[in-house]
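Colleague: next input, structure requested:
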Amino acid sequence: MLQLNQSSKSNVLPFKDVTDSKKESYDWFLAIPFLVMQFVPFLAFFTGISAAALVLCGILYVVRMFAITLGYHRYFAHRSYKMNRVVQFLVALIGVTSAQKGPLWWASHHRLHHKYADTDLDIHSPKRGFFWSHIGWIISKRFKQTDYSLIKDFSKFKELVFLNRFQIVFPVLLGILCFLLMGLRGLVVGFGLSTVLLWHGTFAINSIAHKFGRRRYATKDTSKNSFILAVITMGEGWHNNHHNYPYSAKLGESFCEIDFGYYMLLIAKKIGLVKDIRLPLVGAFKARRINLTASTKELTINN
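Modeller: From the prediction side, this is the model:
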């Protein structure tokens, strides 16, 4: 859980040389809470584990993972569908409790990743090793601020800027609420364990999904598909599919490629919470299959 400061464009520029890790400086002071948090779940050996705390852990993991994949990623970063301002705020609010910084910080940096994926300018390039792509870039001084010029479409909303600036407050409040509900077990297992699992599930897409898995499409990056990561992240594991068609709200291509995030979007559309879900045209997923060169197109499904 790192404090987020006011943006400065010069502080979020991509690397000129991702191979020189000696030049990188980490904000260890602000990273201390983040690193200490990794060990909080082990306190369960002292507090004990209850069924209620495990249920709370599961609920907080699933709900907040949906907020990350559907909110931070598919909505704020890629604008894969539309929702009204109230629902937009609520999704962002749930997402910010995951302690992955604010929605504008998250989405703006993810847009940089797609612009420079796996090149020397990629902000979490796997070329710098597993630690960097998984955690290192997050605690780097270089990327701790938000460049609002990269996300002008959403930085015009004052409530989102508020969440982005005071992002540290909301996971703390959630932790306090868990403690009030279930005591130390609620704090350690319900909040702590779910948050750490949520972090590493999300981070795995930047690191593991660019190292292990299968490639269906000849994208210019090293993105890969993984069934296990797809289950863990509500669909994000179909990462090669995603890099082939970044603006699609649907990441799983076939019936066997489970994408819980997309299923949730269909339910949300049915009850009027979202609209204009963006999908590829029928057959467009085949356009960049290995050894094929056809171009892709997109389709907007209106409400």
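Colleague: can you give me the end-to-end distance of stretch 131-140?
Modeller: End-to-end distance of stretch 131-140 (CA to CA, to the nearest Å): 12 Å.
Colleague: residues making contact with that stretch?
Modeller: 2, 21, 24-28, 30-31, 34-35, 123-126, 128-129, 143, 200, 203-204, 206-208, 210 (CB atoms under 8 Å, 6 or more residues apart in numbering). Using the backbone N, CA and C atoms, a C-beta is placed for each residue, glycine as well.
Colleague: and these, which are buried?
Modeller: 2, 24, 26-27, 30-31, 34, 123-126, 128, 143, 203-204, 206-208, 210 (16 or more other CB atoms under 10 Å).
Colleague: what are the ranges of the helices in the stretch 101-250 of the chain?
Modeller: Under the criterion DSSP state H, counting those that start in this stretch, the stretch 101-250 of the chain contains helices at 103-115, 130-134, 152-155, 158-165, 169-185, 194-206, 227-232, 239-244.
Colleague: so which of those is the most surrounded?
Modeller: Highest mean neighbour count of the helices of the stretch 101-250 of the chain: helix 239-244, a mean of 26 (counted as mean count of other CB atoms under 10 Å).
Colleague: can I get that helix in PDB, CA atoms only?
Modeller: Taking Å, rounded to 0.1, in the frame of the first residue of the first chain, the C-alpha atoms of helix 239-244 are listed here in PDB:
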ATOM      1  CA  HIS A 239      -3.200 -12.500 -22.000                       C
ATOM      2  CA  ASN A 240      -2.000 -13.300 -25.600                       C
ATOM      3  CA  ASN A 241      -5.600 -13.000 -26.700                       C
ATOM      4  CA  HIS A 242      -5.800  -9.600 -24.900                       C
ATOM      5  CA  HIS A 243      -2.600  -8.300 -26.500                       C
ATOM      6  CA  ASN A 244      -4.000  -9.400 -29.900                       C
END
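Colleague: check which element follows it along the chain.
Modeller: Counting by DSSP states H and E, the next helix or strand C-terminal to helix 239-244 is helix 260-270.
Colleague: how about that following helix: buried residues?
Modeller: By neighbour count on 16+ other CB under 10 Å, the buried set for helix 260-270 is 260-262, 264-265, 268-269.
Colleague: ok, now which ones touch the residue lying closest to S50 once chain neighbours are set aside?
Modeller: What sits nearest to S50 in space, not counting adjacent residues and going by CB to CB, 6 or more residues apart in numbering, is R185, at 5.2 Å. Taking CB under 8 Å, 6+ apart, we find R185 in contact with 44, 47-50, 52-53.
Colleague: low pLDDT regions in the protein?
Modeller: Low-confidence segments of the chain, defined by pLDDT under 70, are located at 1-23, 282-288, 290-303.
Colleague: now the residue lying farthest from the centre of it: phi and psi?
Modeller: The outermost residue of the chain relative to its centre, with distances by CA atoms, centre = their mean, is F46 at 31.4 Å. Phi and psi for F46, reported as degrees, to the nearest 10, are phi -100, psi -40.
Colleague: again with K82
Modeller: phi -120, psi 150.
Colleague: pick out the most distant pair among the buried residues of helix 260-270.
Modeller: Spatial extent of the buried residues of helix 260-270 (CB to CB) is set by the pair F260 and K269 at 14.9 Å.
Colleague: quick revisit: with distance to V40 added, can I get the buried residues of helix 260-270 in CSV?
Modeller: Formatted as CSV, the buried residues of helix 260-270 follow (distance: CB to CB, whole Å):
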residue, distance to V40
F260, 27
G261, 27
Y262, 32
M264, 28
L265, 32
A268, 32
K269, 37
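Colleague: with respect to L104, which of the residues you listed is nearest?
Modeller: Using CB to CB, G261 comes nearest to L104 of these, at 20.5 Å.
Colleague: and the closest one, what does it touch?
Modeller: In this structure, G261 makes contact with 66, 69-70, 74, 234-236, 251, judged by CB under 8 Å, 6+ apart.
Colleague: between these, which has the most around it?
Modeller: Sorting these by how many neighbours each has (other CB atoms under 10 Å) puts G235 first, at 30 neighbours.
Colleague: just give the nearest non-adjacent residue to K211, would you?
Modeller: Closest residue to K211 apart from its sequence neighbours, by CB to CB, 6+ apart: P126 at 6.2 Å.
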